[in-house]
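Enquirer: The following comprises the amino acid sequence and a computationally predicted model.
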Amino acid sequence: MKQIIKILIVIIFLSIPSKSFSNINNSVIISVGNLPITYVDLIKEMKLISLLTKNTIDSSNKEQIKAIAVQSIIKRKIKEIEVKKFNIENYNKKDLETMILKASQNIGTNPEGLEKLINTNKLSFELLKKRFMIDLKWNSLIFQLYKNKIVLNTSEVEDKINSEIDKTKSQRIFLLSEIEVNKSNDNIDKVLNEIFDNIKKEGFEETAKKFSISKSAEYGGNIGWINKEKLSKKIFSNIENLKIDDISKPIIFDNSIVIIKKLGEKIFDKDIEKIKNRIIRQEKEKKLQMFSNAHFANLERTIQVNFL
């Protein structure tokens, strides 16, 4: 039933010709409870959605973006009414910074670049921050109302914790460098001898820069720390028992030959307490999201939305 109402709202709104808006200026076009939505509000929302999704508004997507903007504004106004009702003013400032950072990264920039982009398009950065603040205040409200009603299934949570711990038991990780050469080289034995001679004279790093065909050559062959599980069986068996700074024998693959130097090795232990806390937090967040959805659905049924 709720989905049908949403569809009807959008159909009714989109049935109003766009031309009729050209002379409306800042007229109120929708009311949500006692909060007005003006034509200017709608245009700003459409522009903001366009910027945040990198979708330029044109004839092919204008109506779709308009529909999304209408739904977005109405949803936010409903939340705003409820937040004001409970006098919720506090929210996590760091969460606001995180939301702005993610929004900027989604379009390939940083918060400063996002602010500049918004200002360049004659919008206010405060408009975006207000959008996010309403969501954060709503989250604060839901937590306040339902935090004491969160009940976790202990058995399910323990199963998830144990499963995660089993996946992440102590793991060996290796710091490696490589030299890779084409196997098809007619004088491969000669090339390998030259490589090992050069390693003795100039070291592994310089030799990798000179001979290796791998992308890692520009870094002296360094390929960083690698988990044992991500190494092929062939490479692992050749480096497993090497001492630090030892160099492997040539490892033959279908199309290339690789020489590995072990630069480091350590055991990577997962913090079991952190795993437990993370899973419990995730499960609580799922429960809160269920309460949030139910609370909002109830408001949708009770707060009147009028298209003027």
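Expert: Structure received.
Enquirer: isn't residue 252 right up against residue 181?
Expert: No. Counting by C-beta atoms under 8 Å, residue 252 stays clear of residue 181, with 10.8 Å between them. For every residue, glycine as well, the C-beta is placed using N, CA and C.
Enquirer: Could you point out which residue ranges in this structure have low pLDDT?
Expert: Within the chain, the stretches with pLDDT under 70 are 1-25, 167-170, 269-270.
Enquirer: need the strands for it, in chain order.
Expert: 28-32, 35-38, 171-182, 222-227, 251-252, 256-268, 305-307 (DSSP state E).
Enquirer: Next one: the residue positioned nearest the centre of the chain relative to residue 109, how far apart?
Expert: The residue lying closest to the centre of the chain (C-alpha atoms, centre = their mean) is residue 102, at 7.1 Å. Distance, residue 102 to residue 109, by C-beta to C-beta, to the nearest Å: 12 Å.
Enquirer: quick revisit: between residue 252 and residue 181, tell me which one has more neighbours.
Expert: Using other C-beta atoms under 10 Å, the more surrounded residue of residue 252 and residue 181 is residue 181, with 20 against 11.
Enquirer: what's the nearest residue to that one if we skip its chain neighbours?
Expert: Excluding its sequence neighbours, the residue lying closest to residue 181 (C-beta to C-beta, 6 or more residues apart in numbering) is residue 257, at 5.4 Å.
Enquirer: contacting residues for that neighbour?
Expert: By C-beta atoms under 8 Å, 6 or more residues apart in numbering, the residues touching residue 257 are 180, 181, 182, 183, 188, 192, 250, 251.
Enquirer: ok, and the most crowded of those?
Expert: Going by other C-beta under 10 Å, residue 180 tops the contacts of residue 257 with 22 neighbours.
Enquirer: pretty sure it contacts residue 212?
Expert: Yes. Contact criterion C-beta under 8 Å: residue 180 and residue 212 qualify, at 5.3 Å.
Enquirer: Identify the contacts common to these two.
Expert: Joint contacts of residue 180 and residue 212 (C-beta under 8 Å, 6+ apart) do not exist.
Enquirer: So which residues of the stretch 201-308 of the chain form helices?
Expert: Along the stretch 201-308 of the chain, counting by DSSP state H, counting those that start in this stretch, helices occupy 204-211, 233-239, 272-302.
Enquirer: Most tightly packed of those helices?
Expert: Among these, ranked by average contacts under mean count of other C-beta atoms under 10 Å, first place goes to helix 204-211 (a mean of 19).
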